[in-house]
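[1] What would the 3D arrangement of this be:
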Amino acid sequence: LPAGCGMISSTEAPVNRKALSSLLMFLFALVSLSAEQPTRLQHIRGGLSLLITPECNDVVLEGDDGLLPVDTPMKEFFKEAEAALSSLPHHRVRLVVNTHFHWDHTDGNPLYGSQGVVIIARPETRELLTKEHMFGTRRQAPSPAEGLPMVLVTSPTEFLFAGQRVVLLPFPGGHGSDDMALLFPDLKVIHLGDLLYPSPFPLTPKTLESYLVRFGKSFIDGQPPETIYLSSHDLPWSRQEIIDLHTSLSRLLRRAKQLRNSGVKGEKLLNKLLSFRESLPAPDRDGASSPTGWCRLLARLMGADRT
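    Below you'll find the predicted structure:
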């Protein structure tokens, strides 16, 4: 690893190697927060900033030795992203972490890898990047060798970058099979990647229930009130906003199960969920992770008779 990056600890945990098959286009029709805004940096806390591009928000940690971006910009936004990063005093990219394999998070990998930048990800992410994937009509080609992660994380792992603790937390079973979150304990910031993005794979109503329990234990319980939560397709969240969203999703799931068990399906089920969501604590706001989006996902899951 580059200077300033010292590995501290790694806890053994089993690796989930579930392969990701075909996905429908609507699962990953990404909601852009900044479609009418230029690529730009938004300071978060300490040396942490959000690199906002038209497709994705990438977290960037700056230190005296350079930068650690979390995920890489798409090729069409790479020059704009580099220009935005050049405004930082120490803007040489030294290390990259991928939260998962999707193109809007890894498209810039080869551009950094060809410069000798170390890329960190889960083994599942590397494996998925070696294959072709179709997202509706969008093709994600296999990554060239220089874009593949070379440091692989199979369990919760903590290291130092520029004197700041960075914790990598593999968290499969919700948005996809290879997701990973990042905790910055010293800065009281958590980056969720796409963990709150409402996509059906690999969720069922039953697995969603356990996923929400795991999410609460991992990212809400015990976190200080001033914790800031970052997401790849949303504006920053406060801890209370994440609690409200988590509570709302849990209540929506219970209501969806009640409606399905009563024989309510299809458009009628969706309309009832949309009406019910008006009573929930989390409001809809700009970004992908809105309660309304989760209403639509739950209606699809229930309509597909997935248990």
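[2] From now on I want contacts and neighbour counts done on CA atoms only, so please keep to that.
    Will do.
[3] my read: residue 224 touches residue 190, true?
    No: taking contacts as CA atoms under 8 Å, residue 224 lies outside contact range of residue 190: 11.2 Å.
[4] Tell me which of the two has more neighbours.
    More crowded of residue 224 and residue 190, by other CA atoms under 10 Å: residue 190, with 24 against 12.
[5] And what about the residue nearest in space to the middle of the chain, helix, strand or coil?
    Nearest residue to the geometric centre of the chain (CA atoms, centre = their mean): residue 193, 1.7 Å. Recorded secondary structure, residue 193: coil (DSSP: H, G, I helix; E, B strand; the rest coil).
[6] Give the full set of residues in contact with it.
    Taking CA atoms under 8 Å, 6 or more residues apart in numbering, we find residue 193 in contact with 99, 179-181, 230-232.
[7] Show the pLDDT at it.
    Residue 193 carries a pLDDT value of 95.
[8] I'd like to know how far it sits from residue 178.
    Distance of residue 193 to residue 178, given as CA to CA, to the nearest Å: 11 Å.
[9] And residue 65, by the same measure?
    29 Å.
[10] Neighbour count for these two, which is higher?
    Shown here are residue 65 and residue 178; by other CA under 10 Å, residue 178 has more neighbours (29 against 17).
[11] all helices for the stretch 151-300 of the chain, in order.
    Under the criterion DSSP state H, counting those that start in this stretch, the stretch 151-300 of the chain contains helices at 205-215, 239-261, 266-277, 291-303.
[12] who touches the last one?
    If you take CA under 8 Å, 6+ apart as the criterion, helix 291-303 is touched by 198-200, 204-205, 245, 248-249, 252-253, 256-257, 260, 265-267, 269-270, 273-274, 277, 282-284.
[13] ditto for the third one
    The set of residues that contact helix 266-277 without belonging to it, under CA under 8 Å, 6+ apart, is 248, 252, 255-256, 259-260, 291-292, 295-296, 299-300, 303.
[14] Filter the residues you listed down to the buried ones and hand me the ChimeraX line.
    Command for ChimeraX that selects the buried part of these, burial taken from 16 or more other CA atoms under 10 Å:
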select :248,252,255,256,259,260,291,292,295,296,299,300,303
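[15] Is residue 92 in contact with residue 66, as I believe?
    Yes: contact between residue 92 and residue 66 holds when scored by CA under 8 Å: they sit 4.8 Å apart.
[16] So for these two, which sits in the more crowded spot?
    Taking other CA under 10 Å, residue 92 and residue 66 do not tie; residue 66 has more neighbours (21 against 18).
[17] That one and residue 240, how far apart?
    Relative to residue 240, and taking CA to CA, residue 66 is found at 33 Å.
[18] same check, this time on residue 287
    Relative to residue 240, residue 287 is positioned 17 Å away (CA to CA).
[19] Compare these two (neighbour count), which wins?
    Taking other CA under 10 Å, residue 287 and residue 240 do not tie; residue 287 has more neighbours (19 against 15).
[20] Any idea what the more buried one is bridged to?
    Following DSSP bridges, residue 287 is listed with bridge partners residue 234.
[21] ok so, going back, of the contacts of residue 193, which pair is most distant in space?
    179 and 230 (14.7 Å; CA to CA).
[22] among the helices and strands of the chain, which has the poorest mean pLDDT?
    Ranking every helix and strand in the chain by mean pLDDT, DSSP states H and E puts strand 5-10 at the bottom, with a mean of 48.
[23] Tell me the neighbouring strands of the helix or strand following that one, and mark each as parallel or antiparallel.
    Counting by DSSP states H and E, the element after strand 5-10 in chain order, helix or strand, is strand 40-45. Strand 40-45 has its sheet partners listed here by DSSP bridges as strand 48-52 (antiparallel).
[24] For the partner strand, the averaged confidence score.
    So the average pLDDT for strand 48-52 ends up being 96.
[25] Ok, stretch 171-184 next?
    91.
[26] next one: stretch 107-126
    Taken as a whole, stretch 107-126 carries a mean pLDDT of 97.
[27] Show me where the chain dips below the pLDDT cut-off.
    Applying pLDDT under 70 to the chain picks out residues 1-37, 201-202, 304-307.
[28] Repeat the analysis, applying 90 as the threshold.
    Applying pLDDT under 90 to the chain flags the ranges 1-38, 55, 65, 135-138, 162, 172-177, 197-208, 235, 283-290, 300-307.
[29] For residue 70, see how far away residue 288 is.
    In terms of CA to CA, residue 288 sits 19 Å off from residue 70.
[30] So between these two, which is more surrounded?
    Applying other CA under 10 Å to residue 288 and residue 70 shows that residue 70 carries more neighbours, namely 27 against 24.
[31] In contact with the more buried one, which residues?
    58-60, 96-99.
[32] ok, now residue 260?
    With CA under 8 Å, 6+ apart, residue 260 has these contacts: 269, 302.
[33] This completes my enquiry, with thanks.
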